[in-house]
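A.B. asks: model the structure of this input:
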Amino acid sequence: SLRVEVLDEKGKVIPSFSREKCISIRTNSTIQEVGWKGGGDLFRLAGRRVRFRFYLTQGDLYAFWVSATDQGASGGYVGAGGPGFGGVVDTAGRQAY
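C.D. replies: Below you'll find the model as predicted:
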């Protein structure tokens, strides 16, 4: 399982994004949204410097990104493209799957 908390630039947990409020994730996926009880929305933190702390139990975390879209598009390169992608940059997110 995975839980995430968000910290301010001084390393202090932002209360609405605490580990305790994070909805535990238990999946094997390359694209999975993280949510917090009470509706914590990262959009509120746009423009602020933040840190992420990950709590992982019996699993592996290979990468993460914060998306500007609700579809989870990374804006990163997808290698040689692939099914569902219109080019070499991920602008589709979940729609590509």
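A.B. asks: the most far-flung residue of the chain relative to its centre: what's it in contact with?
C.D. replies: The outermost residue of the chain, judged by C-alpha distance from the chain's mean C-alpha position using C-alpha atoms, centre = their mean, is residue 80 at 23.2 Å. The neighbours of residue 80, taking C-beta atoms under 8 Å, 6 or more residues apart in numbering as the test, are residue 88. C-betas here are computed from N, CA, C, even on glycine.
A.B. asks: that one looks like it's in a helix, true?
C.D. replies: No. Using DSSP: H, G, I helix; E, B strand; the rest coil, the assignment for residue 80 is coil, not a helix.
A.B. asks: from residue 7, how far off is it?
C.D. replies: Residue 80 sits 36 Å away from residue 7 when distances are taken as C-beta to C-beta, to the nearest Å.
A.B. asks: ok, residue 90 next?
C.D. replies: Taken as C-beta to C-beta, the span from residue 90 to residue 7 is 27 Å.
A.B. asks: show me where the protein has strands.
C.D. replies: All strands of the chain, identified by DSSP state E, fall at 2-8, 50-56.
A.B. asks: tilt between the last one and strand 2-8?
C.D. replies: Angle between the axes of strand 50-56 and strand 2-8 is 160 degrees (criterion: axes from the mean of the first three to the mean of the last three C-alpha atoms, to 10 degrees).
A.B. asks: sheet partners, orientation included, of strand 50-56?
C.D. replies: When pairing is defined by DSSP bridges, strand 50-56 lines up against strand 2-8 (antiparallel).
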